[in-house]
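*Asks:* from the sequence below, what's the structure:
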Amino acid sequence: MKAVSREIGIDLGTSCTRINVRGRGIVLSEPTVVAINRVTGEILAVGNQAKEMLGRTPDNIMAVKPLKDGIIADFEATRMLIQNLISRVVPKSLFYKPKIVITIPSKITDVEERAVEGVAYGTGAKAVFLMEEVMAAAIGAGLEIEKPEGCMIVDIGGGTSEMAVLSLGGIVSENSVKVAGDKFDRDIVEYIRTKHNVLIGENEAEEIKIQIGSASAAMTEEKMSVKGRNLSTGLPETVTVSTFDVNLAIKSSLETILKAIKLTLENTPPELSSDVMSKGIVLCGGGALLKNIDRYISEQTGIPVFISDSPTECVARGVGTALDNIEVLKKAVKTKKG
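*Replies:* Residues are numbered from 1 along each chain as shown. From the prediction side, this is the model:
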């Protein structure tokens, strides 16, 4: 019987959590959502099932996103989420405790860092390795970070957008803003509330973003209908939203991300900036799937922009590489042993 690896990589994202088991690759990808019984504290659902409950629960049940802007907002809910997901892919054992590599945002405080460690150890981990999300993204995107040349990664996730220029296996210049896919969704909710006096849910806003959203003026204007609640009458109402509407709604958030990219480049030595100009910027994360975002960033920076293969899986792939090369990647991983 083949032994089950207990070396686990976790891409703990605000919107989605992915688990990579050494020797098996990415084995699970679920929304970072938990449904809990308010009275008993019992976990009722995790991931996709819990996400479907958002905005639809009775008073005795709460469906929550335990991370906000890349940071743990609900410690216990996050611990239960990770424990539940790990139990699906790695059998529990009294004799073997897992080693866990888990990602963290680049601009994280010591308190927030300890919260991530605590959550990981709370699942029964033997050792915890913290890895910067942007480093994992660069490795997972296949960038040759060990070479004496500059390369740039921009990871637009759910809660944060992380960007960095790397060379010789280390981060030379980096930035992080708490503006990403979830903020786009909230922007769309607020835009429709202001324009139509209709309130829609964030799940509906996400669907609008996916279906007709665009970072720049689209070649063809698309439209879709969405149902919500009229804030004056309290009654259901259907409104029509266009690509132009979405672009207008998320414009300010896109400008915030762009400003952070430019600042990262400004803080990069000229020799490495020249490399980035030649090689281009690589985009990953769920935000890389927004239509025309590569064109938008390229037009605003004058630098070629490329979207990585399977952009939503880059961080989880990078964590998987760290599982295979802990010694080689000491620069990327902060080791914490209990």
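*Asks:* low-confidence ranges in the protein?
*Replies:* Counting by pLDDT under 70, the chain shows low-confidence ranges at 1-5, 93-95, 218-219, 326-338.
*Asks:* domain ranges for it?
*Replies:* Domains of the chain are assigned by automatic domain parsing as 7-135+315-337, 140-179+251-311, 181-249.
*Asks:* wait, what's in contact with residue 22?
*Replies:* Listed by C-beta atoms under 8 Å, 6 or more residues apart in numbering, the contact set of residue 22 reads 5, 7, 8, 9, 320, 323, 324. For every residue, glycine as well, the C-beta is placed using N, CA and C.
*Asks:* out of those residues, which end up buried?
*Replies:* Buried members of the contacts of residue 22, counted by 16 or more other C-beta atoms under 10 Å: 7, 8, 9, 320, 323.
*Asks:* related to what we said a few turns ago, among the contacts of residue 22, which ones are in helices?
*Replies:* Counting by DSSP state H, these place 320, 323, 324 in helices.
*Asks:* quick one: contacts for the closest residue to the first one other than its chain neighbours?
*Replies:* Closest residue to residue 320 in three dimensions, ignoring its sequence neighbours and counting by C-beta to C-beta, 6 or more residues apart in numbering: residue 20, at 4.0 Å. For residue 20, the contact set (C-beta under 8 Å, 6+ apart) comprises 8, 9, 10, 11, 26, 27, 316, 317, 319, 320, 323.
*Asks:* among those, which one lies nearest to residue 118?
*Replies:* Nearest to residue 118 among the contacts of residue 20: residue 10, at 14.0 Å, using C-beta to C-beta.
*Asks:* right, and the closest one touches residue 19 too?
*Replies:* Yes. If you go by C-beta atoms under 8 Å, residue 10 and residue 19 touch, sitting 5.8 Å apart.
*Asks:* narrow the contacts of residue 20 to those in strands?
*Replies:* Of the positions in these, 8, 9, 10, 11, 26, 27 sit in strands, assigned by DSSP state E.
*Asks:* would you mind giving the residues you listed as TSV with distance to residue 250 added?
*Replies:* What follows is the ones in strands among the contacts of residue 20, written out as TSV (distance: C-beta to C-beta, whole Å):
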residue	distance to residue 250
8	35
9	31
10	29
11	24
26	28
27	33
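*Asks:* how near is the residue lying farthest from the centre of the chain to residue 170?
*Replies:* Taking C-alpha atoms, centre = their mean, the residue of the chain most remote from its mean C-alpha position is residue 233, at 36.8 Å. Using C-beta to C-beta, to the nearest Å, residue 233 is found at 58 Å from residue 170.
*Asks:* do you know how far residue 34 is from residue 296?
*Replies:* 34 Å.
*Asks:* with neighbour numbers in mind, choose between these two.
*Replies:* Taking neighbours as other C-beta atoms under 10 Å, residue 34 and residue 296 compare with residue 34 leading, 26 against 20.
*Asks:* contacting residues for that one?
*Replies:* Contacts for residue 34 (C-beta under 8 Å, 6+ apart) come out as 43, 45, 46, 50, 63, 64, 66, 77, 80, 81.
*Asks:* among those, who's most crowded?
*Replies:* The most neighbours of any of the contacts of residue 34, using other C-beta under 10 Å, belong to residue 81, which has 28 neighbours.
*Asks:* tell me the contacts of that one?
*Replies:* Contacts for residue 81 (C-beta under 8 Å, 6+ apart) come out as 17, 32, 33, 34, 46, 47, 66.
*Asks:* give me the nearest residue to the fifth one, chain neighbours excluded.
*Replies:* Going back to what we said before, that points to residue 46. residue 84 (4.5 Å).
*Asks:* which element is that neighbour on?
*Replies:* Here residue 84 sits within helix 75-89, counting by DSSP states H and E.
*Asks:* so what's residue 156 up against?
*Replies:* Residues counted as contacts of residue 156 (C-beta under 8 Å, 6+ apart) are 180, 181, 257, 283, 284, 285, 286, 287, 288, 290, 293.
*Asks:* just residue 57 next, same as before
*Replies:* Neighbours of residue 57 in contact, by C-beta under 8 Å, 6+ apart: 35, 63.
*Asks:* ok, now with 10 Å
*Replies:* Contacts here follow C-beta atoms under 10 Å, 6 or more residues apart in numbering; on that basis residue 57 touches 35, 36, 38, 44, 50, 63, 64.
*Asks:* now those residues as a markdown table including secondary structure?
*Replies:* Formatted as a markdown table, the contacts of residue 57 follow (DSSP: H, G, I helix; E, B strand; the rest coil):
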| residue | secondary structure |
| --- | --- |
| 35 | strand |
| 36 | strand |
| 38 | coil |
| 44 | strand |
| 50 | helix |
| 63 | strand |
| 64 | strand |
